[in-house]
Each structure stands twice: as structure tokens, then as C-alpha cells.
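**Student:** pasting the structure only:
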């Protein structure tokens, strides 16, 4: 069984897509699977879509946290207070567990369920694996990022609001970080420090899902409309301050090199996006809105991932590599684990003035280096496209947890 805030990728994002990919992979290996998420609507068993049984549980808090909706500050604070340990969600989760009778629960994001979900699962003596996608269990806002800066240490508020979490996280049987960084950051804070099985497993992408088979044709079409001698840098993702988009635009705008363009793909809060367009949109900077990966990566020469927060794992990096596009990425979170500096791209420190501009300048002034990095990025992509090895890694954790149980087909 998979337990997560959102039931599927129609509401969530990258985490939900990863969960769906993992469940499909486990199912293909012969396991029965089901997914459980919270909902604005009353609880329901949603049947067996794609042979995956799905349960939707009505969230018992003052609102359901849709990713595309914001709430008043005081309302958000009250929601988070309830979510420290949401007693009202214990019984609904227990009912689903008793109905589905899973042999194991793989826990993902817990907002809405609260950390109380772990005690409900543990009371039924069901083995648990926690997969870490963000910092929810050690930080109230899940990002360790506040007022434009990364939190060097946990603030007093987070220490108080996450005190139960440090106890209950140590009750799981295994913990998996999607990067080495996020796993180590939790353990250093006291979460999962006594868990016997601790691993990190980088996420992967399906080549078919990315549209790699269409890449050659799309790239040839993009070259027809390209201005001669222009190097096109690209950003794709959420247009939000913590993603470093404003920082990138300011650096690029100051650079004023006529041989360069910056294409920005993605969406964000309408007022913030409008501000960015007003300040920066022009001949050298183009805003694309929502764009598919295959259309974007076949049109750019270099991808820039300028995240300011300690991003758990920048999957944009692996997507770019898959299309043979080198990456200039910030030294934040799991991003440096993906880029070999000077081989498949360049790693820069956002706090060092001029370091991003120098990295971009290097790839403009040295076309041969840029092309060679793109070739090596394609080689580096193999790790992040290897679905079989990724599935084996998760099955390895599952098997280690289940060693003491009778050998049978697991119901996950």
C-alpha cells in the first residue's frame, strides 16, 4: 500500500508521478498494489483503475490543501497546528488499513494525514517504509527555506511543532531518501536516526514518457527557426522564488550578451509571473508558459537549474540529460549528486557573485566544450532512465524489511 497526501498525479506533481511509476513497476513484478490519499470529498473506494485499487479519504482539517490554491496566513497556521498530530484522521486511516489488509505500507508525503499515521500503522504491526521527498517531518513548511534563505538549523517553531515526529519517525522499518542529501539532513536532525535500514535511491524517468523517440524530429524543426550563432539557455519548472527563477533572470539580464537567449517554461502564481514578465520579457528573454519536456529540451542548448532551496532531487537535471542537454545547476540539495562538474554540466554556488554568469559564459565561448558536455550528459542519463535497476533497489529494501515474514506474494 502507498500512503500519500494526494491520491494521484491529476492533483499532485512529481512525487505523485513517481509513486504511480513505482506502483506500476511493483505490479509488473507480480505484487498486488493499492494507493491511498486524502480528498476534499468524503471517503471512497475508487475501484481498480489500471488494476491499482485506490482509496480516497476525506481530510478532516479546516481545508484540503490543493497545490494551486492559497489561504490566509492565520488559516494556514491553524491548519498546521491541527496537522502536527491529527487525531481525527486516525480512525479513517485505520478503516482503510483494515479493509485493504496490506502486508506493507510505503509512506510518502504526510501533510493531511500528519505524523499520527505512523502510529496507526504501527498499532496494526504492519511493516513500514518511509520515502523522503521533502522536509515535512523536520520542518513545518516542508522546505527548510524561509524569507528567501535556507535554514541552516531548525528554528524554535519547527523544533516544537516537529517534536512528535522525531519520536515516531524512528518507528518505521526502513527509510529511503530520494537523494543522499535529504536522507542525511533528516538523520542529522534526529529523525530516522535509529531506523535499521537507511538507503538513498535516486528517482528515474521513463524514456517513453519523456518522448525521446520524437526528439530528433523536434530538434531539427527547432533549428529551422533558430537565429545563427545564438546559444539558447533554458529554465523549466515552477516559477517561484525558491526555484531561483528571479535570481536567474536578474543574472541573465545583467549579462547583456547578444549571442544568448533565455527561454523560460513553466507556470506559477499569476501575480508573480506577471511581475517577472514586466521586468524581464524582451528580445533575449522569452516566457513559454506550460511546455512539454520534449518540446523544451529539443529547443535549448543548455538547461539552467538555479534552485535556491535545498531541493531534494532536481528531476529537471535527469530530463535534460535524457535529451543530451548539459546542465548548469546550483550546489543545493540533491542537485550536485546528479551533475558531475565539468563532465555533464557545471555546478555553481548561488551565494558567490558572478559564478552563474561565468558558467554560462564558459559554455557560450567554448562550443566544443558545450557539445561534449551534451554528449556526456546523454551517457549520464542512463542511470536516471534505468527503470529495472530502480525497481530492483526498492525491492531490495522491501525484501530486507520482510525477511522475517513467510515468503509469499506481498500485497502493497
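**Tutor:** Good, I have the coordinates. Treat the numbers as computed from the prediction; the structure is a model and nothing was measured.
**Student:** residue furthest from the geometric center of the protein?
**Tutor:** residue 228 (35.9 Å; C-alpha atoms, centre = their mean).
**Student:** can you tell me which residues contact it?
**Tutor:** Applying C-beta atoms under 8 Å, 6 or more residues apart in numbering to residue 228 gives no contacts. Using the backbone N, CA and C atoms, a C-beta is placed for each residue, glycine as well.
**Student:** do you know how far it is from residue 113?
**Tutor:** 55 Å (C-beta to C-beta, to the nearest Å).
**Student:** Strands along the stretch 301-412 of the chain, start to end?
**Tutor:** Taking DSSP state E, counting those that start in this stretch as the criterion, the stretch 301-412 of the chain carries its strands at 302-305, 327-330, 345-348.
**Student:** starting at the chain centroid, how far to the first one?
**Tutor:** Think strand 302-305. In this view, strand 302-305 has its centroid 17 Å away from the chain centroid, taken as C-alpha atoms, centre = their mean, to the nearest Å.
**Student:** before we move on, back to that, doesn't the residue farthest from the centre of the chain fall inside a helix?
**Tutor:** No: judged by DSSP: H, G, I helix; E, B strand; the rest coil, residue 228 forms no part of a helix; its state is coil.
**Student:** Tell me how far it lies from residue 259.
**Tutor:** On the measure of C-beta to C-beta, residue 228 and residue 259 end up 10 Å apart.
**Student:** sorry, back to before: tell me the confidence at the residue farthest from the centre of the chain?
**Tutor:** At residue 228, the model reports a pLDDT of 83.
**Student:** I'd like the average pLDDT over stretch 80-98.
**Tutor:** Throughout stretch 80-98, pLDDT has a mean value of 96.
**Student:** Contacts for it, please.
**Tutor:** Against stretch 80-98 from outside (C-beta under 8 Å, 6+ apart): 1, 3, 36, 43, 55, 57-62, 105, 111-117, 119-121, 123-124, 126, 140, 161-162, 164.
**Student:** May I see the PyMOL selection of the buried members of those residues?
**Tutor:** The PyMOL command for the buried members of those (criterion: 16 or more other C-beta atoms under 10 Å) is given here:
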select buried, resi 1+3+36+55+57+59+61+105+111+112+113+114+115+116+117+119+120+121+126+140+161+162+164
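**Student:** Phi and psi next, for the residue farthest from the centre of the chain.
**Tutor:** The phi/psi pair for residue 228 (degrees, to the nearest 10) reads phi -60, psi 140.
**Student:** Nearest residue to residue 1 in space, ignoring adjacent ones along the chain?
**Tutor:** Nearest non-adjacent residue to residue 1, counting by C-beta to C-beta, 6 or more residues apart in numbering: residue 102, 3.7 Å away.
**Student:** And for residue 352, the neighbour number?
**Tutor:** Look at residue 352: counted by other C-beta atoms under 10 Å, it has 10 neighbours.
**Student:** I'd like the distance between residue 207 and residue 214.
**Tutor:** 11 Å.
**Student:** I'd say residue 138 and residue 183 touch.
**Tutor:** No: between residue 138 and residue 183 there is no contact, the gap being 11.8 Å when judged by C-beta atoms under 8 Å.
**Student:** Could you chop the chain up by domain?
**Tutor:** 2-204+386-402, 207-385 (automatic domain parsing).
**Student:** and these as CSV, adding distance to residue 412?
**Tutor:** Listed next are the domains of the chain as CSV, based on distance: least, C-beta to C-beta, whole Å:
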stretch, distance to residue 412
domain 2-204+386-402, 5
domain 207-385, 22
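**Student:** Among the contacts of stretch 80-98, which lie within strands?
**Tutor:** 3, 36, 55, 57-58, 105 (DSSP state E).
**Student:** Distance across stretch 377-391, terminal residue to terminal residue?
**Tutor:** By C-alpha to C-alpha, to the nearest Å, the extent of stretch 377-391 from end to end equals 23 Å.
**Student:** Show residues contacting the longest helix along the chain.
**Tutor:** If you go by DSSP state H, the chain has its longest helix at helix 367-385. Helix 367-385 is touched from outside by 202-207, 231, 301-302, 318, 320-327, 338, 340, 343-345, 362-364, with contacts defined as C-beta under 8 Å, 6+ apart.
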